[in-house]
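J.: here you go, sequence then predicted model.
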Amino acid sequence: MRRPVLCLALLLCLSGAARGQSPAGFVFGMEYAFPGTTSYWAASQYAELGATSCKFNGKGTFWGDVETAPPVDGVHSYDWSRVDESVDALHRAGFTNLTVVIGSQCAWGSEPLGDLEALFPDASTMPKDEHLGDYIEWVFSFVERYDMDGVDDMPGLAAPILNYEILTEAQHYVYWYGDEEDYVTLLRISYEAVKAANPATQVILSGFWFADIFDGGPLADAEMTNKFFSSLLSYFWSGDLRFWILWNYARSYGFNRRILEEGDYFDAVEFHLLSNYTAVEGTADFIRREMAKNGYNKPIWIGDCGALPQIPCHDRKTWDAVLTSISLFQPARYADGDVIFDVLTQKTDAGGYTYPQVLDWYYRDQACHLAKSLIAAMGNGLAGANVFTWLDGLVMPDMLATERNWQIGGLREGGLGQELPVGPPRPSFHTYKLIVARLGGFASAAKVLGTGTKGTVVYRFDLAGGPVFAAWYDEAPIGPGNAERPRTVNLSSLIGKDQVEVTRIITRFGVDSPAVETASASALTLTDVPVLIR
């Protein structure tokens, strides 16, 4: 049996392993899976999507979750039962391309959080010097158990796990209580341990979160800096605690830039889309520019993609907004977003809105946001996307504006915090299935019309049966009770013929198949609801 080199000095001297290649085709996925809670029944409710990727995150895949006590006389004791159960459930449901987020949190083996543990219970810290070899051994053993190479594999393993992300959003103290240099050290030793177990396994850099700074499109470095500092100076005076929170947020971009310098120690990059779909292009542009500066190019994935409707937006100068508001750098998407959110979650009328009116609007908005996010990801050359989330989350405090979206982000009715089984599919579920069926397997994709955030947007997908175009009219968001604002456009020169088949994504609850019609490309009617044109 192969064993890892447990000496840090020797690990860092190992020769570079073969670099991973971009996945063959765009990979569709769901997230998150949590060991011990993801059953086959729940996962199977999503099998018909055609998505094959899923990511583990949170408790269950941290070091201390698997190795609860230090080794005795050099013998390690691991409890893989929770991970095994979830891996088996996901594999049987058709999710065979799994990614595991591993964390170094361990009560006995890593540096203590101390008084900060109550604030950051999911944060990881550096392994203690005397237990560094134990951490490396654990990472090696994790990869070895699930790589399906015939050595020390999980009994009954149906497919290998070949993707490991080293922490997530390490830029925040919430997940990593250390600086960028500490993370670089953890990344390097983790990378070498992963590759020692199986050189074909891919290492993913800690997922990035950029809030909404790229919602308006790509930004030059100077423009980003100006946005950070103008926001700081316009919100609060320097003695205000909230000024420090925003300053620390700006610091996280320096963190991300620093760890992107370590191209020899990861195979792919991931960012989290927790704002509007328009952030895809600018975020990918930023990451690619940073990679080019450092002399390499690697695949980019999206996590937290698409299903969040992005409703709650407090005023950006309030205490609530500074902590986690999704409107830090762009205007709020809906001025009365909190009222809309309360109507939706409390199922009552308020602020001039009725609950049925808001519910119908929500189904439509969620489906549109998911479709546009996936289309933008494919059209901007990304390797794959994991949609968040398949189940509605627990009720979150009002102050956590971004996280409040989680409790309504599921692709099916019900979920966490409510009785299982989950309910029927929402329009976003059927729309995701439609996107996979119609656009999956494309040979190439690109945006062919639309350079800003307003106006006609068109992406072209080249498939075996001929090109398919995805199009919509991008404009100011349409809130509950407002009618669609159709525009007539001429796309005949882009499409190359006049008579076309137009498929509108699914936006109404209870409808499981899309509306299809024949139309003239020279006089197409577009709204903010995406259509697929063949």
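T.: That came through fine.
J.: per-domain residue ranges of this structure.
T.: 26-331+364-441, 447-533 (automatic domain parsing).
J.: so where's this structure shaky on pLDDT?
T.: 1-24, 229, 231-248, 309-328, 394-404, 415-421, 452-453 (pLDDT under 70).
J.: separation between the residue positioned nearest the centre of it and L132?
T.: Using C-alpha atoms, centre = their mean, the residue of the chain that lies closest to the mean C-alpha position is G303, 1.4 Å off. Applying C-beta to C-beta, to the nearest Å, the value for G303 to L132 is 28 Å. Placement of C-beta: from N, CA and C, glycine included.
J.: for A51, same thing?
T.: 37 Å.
J.: what do you get for N297?
T.: For N297, the distance to L132 - C-beta to C-beta - is 32 Å.
J.: all strands of the stretch 151-300 of the chain, in order?
T.: 163-166, 202-204, 208-209, 269-272, 300-306 (DSSP state E, counting those that start in this stretch).
J.: for those, which one sits closest to N482?
T.: With respect to N482, and counting by C-beta to C-beta, the nearest of the strands of the stretch 151-300 of the chain is strand 300-306 at 22.5 Å.
J.: can you tell me what sits against that closest one?
T.: Contact partners of strand 300-306, identified using C-beta atoms under 8 Å, 6 or more residues apart in numbering, comprise 31, 55, 168, 204, 207, 209, 268-274, 277, 280, 284, 287-288, 369-371, 373-374, 377, 381-388.
J.: between N297 and L132, which is the more surrounded one?
T.: The neighbour count for N297 versus L132, taken as other C-beta atoms under 10 Å, is higher for L132 (19 against 11).
J.: could you check the particular helix or strand that has T431 in it and say which residues are buried?
T.: Per DSSP states H and E: T431 is located in helix 427-439. For helix 427-439, the neighbour count (16 or more other C-beta atoms under 10 Å) marks 427-436, 438-439 as buried.
J.: ok, stretch 44-58 next?
T.: Using 16+ other C-beta under 10 Å as the burial criterion, the residues of stretch 44-58 that qualify are 45-46, 49, 51-58.
J.: quick one on the thing from earlier: out of the domains of the chain, deepest packed?
T.: Highest mean neighbour count among those (mean count of other C-beta atoms under 10 Å): domain 26-331+364-441, with a mean of 20.
J.: distance-wise, check E180 relative to P514.
T.: Applying C-beta to C-beta to E180 and P514 gives a distance of 46 Å.
J.: if we can go back for a sec, so which of the contacts of strand 300-306 belong to helices?
T.: Using DSSP state H, 280, 284, 287-288, 369-371, 373-374, 377 are the members of these that sit in helices.
J.: and the residue lying farthest from the centre of the chain, how far is that from G379?
T.: For the chain, the largest distance from the centre (C-alpha atoms, centre = their mean) belongs to D73, which lies 41.2 Å off. Separation of D73 from G379 (C-beta to C-beta): 56 Å.
J.: torsion angles phi and psi at D212?
T.: phi -110, psi 20 (degrees, to the nearest 10).
J.: give me phi/psi at the residue nearest to it when sequence neighbours are not counted?
T.: Closest residue in space to D212, ignoring its immediate chain neighbours: S275 at 3.9 Å, by C-beta to C-beta, 6 or more residues apart in numbering. Taking degrees, to the nearest 10, you get phi -140, psi -150 for the backbone angles of S275.
J.: any idea how far I340 is from S275?
T.: Look at S275 and I340: by C-beta to C-beta, they are 17 Å apart.
J.: ok so, going back, what about the residue nearest to the centre of the chain, distance to P530?
T.: Counting by C-beta to C-beta - G303 and P530 are separated by 22 Å.
J.: I'd guessed R504 sits against L526; true?
T.: No. Using C-beta atoms under 8 Å, R504 is not in contact with L526, being 10.3 Å away.
J.: and the strands in the stretch 1-150 of the chain?
T.: For the stretch 1-150 of the chain, strands defined by DSSP E, counting those that start in this stretch occupy the ranges 27-33, 53-56, 97-102.
J.: coming back round to it: so what does the helix holding T431 touch, helix or strand wise?
T.: Under the contact criterion of 3 or more C-beta pairs under 8 Å, 6 or more residues apart in numbering; DSSP states H and E, helix 427-439 touches strand 27-33, helix 355-379, strand 466-474, strand 531-533.
J.: strand partners of the third one, parallel vs antiparallel please.
T.: Strand pairing for strand 466-474, using DSSP bridges, gives strand 455-463 (antiparallel), strand 531-533 (antiparallel).
J.: about what we covered before: dump the helices and strands packed on helix 427-439 to JSON lines, plus distance to T99.
T.: Formatted as JSON lines, the helices and strands packed on helix 427-439 follow (distance: least, C-beta to C-beta, whole Å):
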{"stretch": "strand 27-33", "distance to T99": "8"}
{"stretch": "helix 355-379", "distance to T99": "16"}
{"stretch": "strand 466-474", "distance to T99": "26"}
{"stretch": "strand 531-533", "distance to T99": "28"}
